[in-house]
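Asker: Give me coordinates for this.
(one chain, ligands or ions: 2)
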Amino acid sequence: MTNVNLKGRSFLTLLDYTPQEISYLLDLARRLKREKRLGMQHKHLIGKNIVLLFEKTSTRTRCAFEVAGMDLGMGVTFLDPASSQMGKKESIEDTARVLGRMYDGIEFRGFAQSTVETLAEYSGVPVWNGLTDQFHPTQMLADLLTIEEKLGRLEGVKLTYMGDARNNMGNSLMIACAKMGLHFTACAPRELFPAEDLVQKAREIAAISGGSVTLTEDVSEGTADADVLYTDIWVSMGEPDAVWQERIRLLNPYQVNEAAFARAKETAIFMHCLPSFHDLKTSIARDIHEKFGLREMEVTDEVFESPRSVVFDEAENRMHTIKAVLLATLKEAV
Ligand code: CP
Ligand code: NVA
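Answerer: Ligands and ions are numbered 1, 2, ... in the order given. You can find the predicted model right below:
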């Protein structure tokens, strides 16, 4: 992978990255993970500073960027949803030009994909998408690394995503799988299938990689022989509470449970970007329990806590893969 050079590039969606570039980032992440495990420091970016701009809340993404940045020797500023002027008193364009004068890179999590694109266009520094309504590309790197670690390969893996297949996770997994030669199945009600134009694009990409894209409403068909069963919360950040009732009605049959796993491969693993409503230990889950009687939602507690659940390895990999993105886009190969 010696001829891959990502210095100066933004990371807005995997659509902008070739399979070779994605493999390069995964290789780099693996190396950085190994170094961290061995206690080897890798402060390759001393003297640089990055800013993390959040319009929505976060645990994993924020902490992954902070720890990765600090491990690389950088200064890191966090701006929470309430504490910047952006969008209220200052345009995205102006904010981008100000931050670009002070920082070497900008992470953004928020609503519109167009915001992260505008930041990239106007700031003059690499911009990293930490989740928008449309895409969650840094999550994809962690997921691909985890699949490789657990199953020993990416090509030919059958990944079935059960849930809201037109949200940021559904869109991103479809593209990530198409790029890297996995067989992606969206197992969801028709109303929640990904947008037709994105499906079309993913199918064109999959035709080159040897992967495939399938959409099905049929749970038996969708879960049959799956290597990975993947799900996400039923209502995403930014959606109104009013959608819960309809979403529960639509997605209840697509819960990841033992019956779904019974049709998957014996070796199948469970993945989830987290956070997850698999018990009643959160205020939102208790609220939904009171209103609709559900004790668990997109995944049963039994599956979530089972040995085939790799969700915390996946969460840890957010940090190693984000570190690879920071290093690759801020410095030539080390
Ligand atoms: N998976 C993920 O992006 O988690 P956070 O919302 O906690 O960042
Ligand atoms: N679809 C979820 C993903 C969280 C990581 C959301 O946008 O809230």
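
Asker: going forward, measure contacts between C-alpha atoms and count neighbours the same way
Answerer: Will do.

Asker: which stretches of the stretch 101-250 of the chain aren't confidently modelled?
Answerer: Under the criterion pLDDT under 70, no range of the stretch 101-250 of the chain is flagged.

Asker: which residues of it fall in strands?
Answerer: For the stretch 101-250 of the chain, strands defined by DSSP state E, counting those that start in this stretch occupy the ranges 105-109, 127-129, 158-162, 183-187, 212-216, 228-231.

Asker: next one: the last one to chain centre, how far?
Answerer: Remark: strand 228-231 is offset 13 Å from the chain centroid, using Cα atoms, centre = their mean, to the nearest Å.

Asker: What count of nearby residues applies to the closest residue to V67 other than its chain neighbours?
Answerer: Spatial nearest neighbour of V67, excluding adjacent residues (Cα to Cα, 6 or more residues apart in numbering): M319 at 7.1 Å. Using other Cα atoms under 10 Å, M319 has 27 other residues around it.

Asker: Report whether M319 is found in a strand, as I expect.
Answerer: No. Counting by DSSP: H, G, I helix; E, B strand; the rest coil, M319 falls outside a strand, being helix.

Asker: so it makes contact with A68?
Answerer: Yes. In this structure, M319 is within contact of A68 by Cα atoms under 8 Å, at 5.9 Å.

Asker: quick one: the helices in the stretch 1-150 of the chain?
Answerer: 19-37, 60-71, 92-102, 113-123, 137-151 (DSSP state H, counting those that start in this stretch).

Asker: related to what we said a few turns ago, okay, the strands of the stretch 101-250 of the chain in TSV with mean neighbour count and distance to K7 next?
Answerer: Putting those into TSV (neighbours: other Cα atoms under 10 Å; distance: least, Cα to Cα, whole Å) gives the following:
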stretch	mean neighbour count	distance to K7
strand 105-109	26	11
strand 127-129	27	12
strand 158-162	29	31
strand 183-187	28	30
strand 212-216	19	31
strand 228-231	26	32
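
Asker: Make TSV from those and add distance to ligand 1 to it.
Answerer: Conversion of the strands of the stretch 101-250 of the chain to TSV gives the following (distance: least, Cα to the nearest ligand atom, whole Å):
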stretch	distance to ligand 1
strand 105-109	9
strand 127-129	11
strand 158-162	15
strand 183-187	19
strand 212-216	23
strand 228-231	12
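
Asker: re earlier: so what pLDDT did the residue nearest to V67 get?
Answerer: Looking at M319, its pLDDT is 99.

Asker: and this protein, which residues reach ligand 2?
Answerer: 167-169, 236-237, 273-274 (Cα under 6 Å from any ligand atom).

Asker: Just give the nearest non-adjacent residue to the residue nearest the centre of the chain, would you?
Answerer: Nearest to the geometric centre of the chain sits Q139, at 2.3 Å (Cα atoms, centre = their mean). What sits nearest to Q139 in space, not counting adjacent residues and going by Cα to Cα, 6+ apart, is R318, at 6.4 Å.

Asker: Run a quick neighbour tally on the one you found.
Answerer: Using other Cα under 10 Å, R318 has 28 neighbouring residues.

Asker: now swap in T57 and tell me
Answerer: 13.

Asker: That one contacts F78, correct?
Answerer: No. With contact defined as Cα under 8 Å, T57 and F78 do not form a contacting pair (11.9 Å).

Asker: Same list (the residues of the chain next to ligand 2) but as TSV, adding distance to L280.
Answerer: Putting these into TSV (distance: Cα to Cα, whole Å) gives the following:
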residue	distance to L280
N167	24
N168	25
M169	23
S236	18
M237	19
C273	19
L274	15
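
Asker: Please check the residues you listed and keep the buried ones.
Answerer: 167-169, 273 (16 or more other Cα atoms under 10 Å).
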